[in-house]
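*Asks:* following is a predicted model, sequence given first.
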Amino acid sequence: GGLANLEYNVAINKNTVFGLASITKQFTAGCIGILVQHKKVSLEEDVRKYIPELPNFGDTIRIQHLLNHTSGLRNHNVLLDLKGFDYDYNGYNNAEIQALIFKQKGVNNKPNERMLYANSNYVLLALIVERVSGISLDEFAQKFIFQPLKMNHTFFLSDNRRIVNDRAQTYYTQEGKIQQHKSLTTCIGAGGLMSTIEDLALWSTIFTLKEHPFTWLAKFLTKEHQLKDGMALSYAQGVFVDDYSNTKTIHHSGRGRGMRSQLISIPKQKISVIVLTNTASIDAVAISYQILDLFLPKKINTSQKIKAYEHTKETLKGFVGEYQELNSDLAMSIFIKDDSLKAKSSFGQNAVHLTALGEGRFQRSKNATVVHQFVDKKVQDWDMSVSFGGATFYFEKVIYVDPKDVIVKEYTGSYFSEELNIAYELFEKEDKLYLSYLNNPSIELFYGQKDEFGSNRRTRYIFNRSRTGQVTSFTVGAEGTVKDILFVKEQNSKND
């Protein structure tokens, strides 16, 4: 079944220890569940009761909001990217990420308004476990989860000098060459758990066996919630809960520079599928569903059974336009061709046909798991949401500026962000605007709406002007999970 180490030609076996990445979240959530069971914390409590260093952003962020990614906290991985963090030569620990979170002056949304997946939530949950229990996250998980379940090869790796027997080295491919990935990061909570296939099989039985000592914990992890607007969330507590082939599934995947992982359980069939890899080139999620298909009843093609909802031509026309993801420059065109609605994203090669499910609600005809929902801007602050399985992306209608109207040199100069403690330099080259910052010497920026640019990297830069029309600052939104990072123009910075 492959090699755990290419240098020594060591084969993978049942005792091989893999990093799990985000599969870790269900165990961190499980530790919170145990504190709730012991009546040490309540999910409705203000996070700041335990973490007073977290700024007061106006609305109460509760422990529950951290568990299902509805807190609105900015995703620390995206913040690191905006700082120019080099993952090959640098690492970070929990204390450094906590300090970065505490330095932020804004959030992406009010609590429970949206679900935006962000690792920051689980770094704070790990801190709550440690502060309430008085012991480390690993000690707590060993005592209350791993030892009772006899998961003898599972642990949080918070010291990368530690000797790990039977560890799978991680690899990635770059320009056709296989490279070793050496991570210097020791941040745990959102990731950082090490385990084996057999230990995860033991854990998965809490979801698949009816009479299990941890059935109560499985119920805690899989309890579903709704957003403020009544929309059901598929993210519960550290796991996604949704349907596949008309069957309830509980799952989470993990991804890192040199690995992919997936754990999926189907209580009804008493089946769990676990896929662990030590290379990023193997699609663990796709493999898991291919394996599930062997065990599940054959899928019925339901798309023919659904009677298509019909919109008037005028209503359809109202959906047509250019859309851009909030806090990102990911673009999507919605247009009518042959009397039907089509969608094409800036990453997509071809337009996809949209089939109506209900008022303003469409699914992609070739991928029913992708659902577009058009909403009234008076009700929400977005115009269209697109749900890919469990993750939802929010878009607004935009009007792009004519490039002839853009005077590039108005935007050039040096800018500084207190929240990220980083300087950005904007410069002009051949009538184009470029951005330079740590480890990113020359990123071309592309025109968007008026006074807006994008980088084709799901990052948007929105410029602000003084009353006299001078550019004074800009805000950055990135990957949909970071909003309004302020960069102020340096006083002595001139527009060259």
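*Replies:* Great, that's in hand.

*Asks:* before we move on, what SS does residue 201 have?
*Replies:* When classified by DSSP: H, G, I helix; E, B strand; the rest coil, residue 201 comes out as helix.

*Asks:* for it, give me its contacts.
*Replies:* 272, 274 (C-beta atoms under 8 Å, 6 or more residues apart in numbering). Glycine gets a C-beta too; all of them are placed from N, C-alpha and C.

*Asks:* what's opposite residue 333 in the beta bridge?
*Replies:* residue 322, residue 344 (DSSP bridges).

*Asks:* my guess is it meets residue 343, correct?
*Replies:* Yes. Contact status for residue 333 versus residue 343: in contact at 7.2 Å, counting by C-beta atoms under 8 Å.

*Asks:* show me which of these two is the more surrounded one.
*Replies:* Legend: neighbour count by other C-beta atoms under 10 Å for residue 333 and residue 343, higher for residue 343 (21 against 15).

*Asks:* burial of the spatially closest residue to residue 465 that is not a sequence neighbour, as a residue count?
*Replies:* Leaving aside its sequence neighbours, residue 465 sits nearest to residue 471 (C-beta to C-beta, 6 or more residues apart in numbering; 5.6 Å). When neighbours are counted by other C-beta under 10 Å, residue 471 registers 19.

*Asks:* mind checking how far residue 471 is from residue 483?
*Replies:* Separation of residue 471 from residue 483 (C-beta to C-beta, to the nearest Å): 20 Å.

*Asks:* surely residue 423 touches residue 415?
*Replies:* Yes. Taking C-beta under 8 Å as the definition, residue 423 is a contact partner of residue 415 at 6.9 Å.

*Asks:* got any residues that touch both of those two?
*Replies:* Residues touching both residue 423 and residue 415 (C-beta under 8 Å, 6+ apart): residue 490.

*Asks:* as PDB, could you dump the C-alpha coordinates of stretch 75-93?
*Replies:* Only the C-alpha atoms of stretch 75-93 are listed here, as PDB (Å, rounded to 0.1, in the frame of the first residue of the first chain):
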ATOM      1  CA  ASN A  75      -9.000  32.700   9.100                       C
ATOM      2  CA  HIS A  76      -5.400  32.800  10.400                       C
ATOM      3  CA  ASN A  77      -4.000  30.900   7.400                       C
ATOM      4  CA  VAL A  78      -5.200  33.600   5.100                       C
ATOM      5  CA  LEU A  79      -3.800  36.300   7.400                       C
ATOM      6  CA  LEU A  80      -0.400  34.500   7.300                       C
ATOM      7  CA  ASP A  81      -0.600  34.500   3.400                       C
ATOM      8  CA  LEU A  82      -1.300  38.200   3.500                       C
ATOM      9  CA  LYS A  83       1.800  38.700   5.700                       C
ATOM     10  CA  GLY A  84       4.000  36.800   3.100                       C
ATOM     11  CA  PHE A  85       4.500  33.800   5.400                       C
ATOM     12  CA  ASP A  86       6.900  31.200   4.000                       C
ATOM     13  CA  TYR A  87       5.800  27.700   5.000                       C
ATOM     14  CA  ASP A  88       9.000  26.100   3.700                       C
ATOM     15  CA  TYR A  89      11.300  27.900   6.000                       C
ATOM     16  CA  ASN A  90       9.100  29.100   8.900                       C
ATOM     17  CA  GLY A  91       6.700  27.500  11.300                       C
ATOM     18  CA  TYR A  92       4.200  28.800  13.900                       C
ATOM     19  CA  ASN A  93       2.800  27.600  17.200                       C
END
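
*Asks:* name the residues of that stretch that are buried.
*Replies:* Buried positions in stretch 75-93, judged by neighbour count with 16 or more other C-beta atoms under 10 Å: 75-83, 85, 87, 92-93.

*Asks:* how about stretch 249-262?
*Replies:* Neighbour counts over stretch 249-262 (16+ other C-beta under 10 Å) mark 249-256, 258-262 as buried.

*Asks:* need these in CSV (columns: pLDDT and distance to residue 433).
*Replies:* Converted to CSV, these look like this (pLDDT from 0 to 100; distance: C-beta to C-beta, whole Å):
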residue, pLDDT, distance to residue 433
249, 96, 46
250, 97, 47
251, 97, 42
252, 97, 40
253, 96, 37
254, 97, 37
255, 95, 32
256, 92, 33
258, 93, 35
259, 96, 37
260, 97, 36
261, 98, 40
262, 98, 41
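
*Asks:* out of those residues, who's nearest residue 124?
*Replies:* The shortest approach to residue 124 among the buried residues of stretch 249-262 belongs to residue 252, at 18.4 Å (C-beta to C-beta).

*Asks:* I'd say residue 324 and residue 396 touch.
*Replies:* Yes. Residue 324 is within contact range of residue 396, at 6.2 Å (criterion: C-beta under 8 Å).

*Asks:* what residues does residue 223 make contact with?
*Replies:* Counting by C-beta under 8 Å, 6+ apart, residue 223 touches 236, 237.

*Asks:* could you shift the numbering so residue one becomes 604, and keep it that way?
*Replies:* Taking 604 as the first residue, the last one we looked at is residue 826.

*Asks:* pLDDT-wise, which helix or strand of the protein ranks last?
*Replies:* Lowest mean confidence among the helices and strands of the chain (mean pLDDT, DSSP states H and E): strand 970-977, at a mean of 88.

*Asks:* could you point out which element follows that one?
*Replies:* Next in sequence after strand 970-977, counting helices and strands by DSSP states H and E, comes strand 987-991.

*Asks:* model confidence over whichever helix or strand comes after that following strand, on average?
*Replies:* Later in the chain than strand 987-991, the nearest helix or strand by DSSP H and E is strand 994-1001. Averaged across strand 994-1001, pLDDT comes to 92.

*Asks:* so what secondary structure elements neighbour strand 994-1001?
*Replies:* Judged by 3 or more C-beta pairs under 8 Å, 6 or more residues apart in numbering; DSSP states H and E, the packing partners of strand 994-1001 are strand 924-928, strand 987-991.

*Asks:* so the residue nearest to residue 1068 makes contact with residue 1066?
*Replies:* Yes. Assessed by C-beta under 8 Å, residue 1074 is found in contact with residue 1066 at 5.2 Å.

*Asks:* if we can go back for a sec, what touches both of residue 936 and residue 946?
*Replies:* Counting by C-beta under 8 Å, 6+ apart, the contacts common to residue 936 and residue 946 are residue 954.

*Asks:* got the contact list for residue 700?
*Replies:* The neighbourhood of residue 700, defined by C-beta under 8 Å, 6+ apart, consists of 679, 723, 726, 790.

*Asks:* most neighbours among the residues you listed, which one?
*Replies:* Using other C-beta under 10 Å as the neighbour test, the contacts of residue 700 are led by residue 723, with 26 neighbours.

*Asks:* in the helix or strand containing residue 698, what counts as buried?
*Replies:* Per DSSP H and E, residue 698 falls inside helix 697-705. The neighbour-count check on helix 697-705 (16+ other C-beta under 10 Å) flags 697, 700, 701, 703, 704 as buried.

*Asks:* low-confidence regions, the protein specifically.
*Replies:* Applying pLDDT under 70 to the chain flags residues 604, 902-910, 992, 1096-1099.
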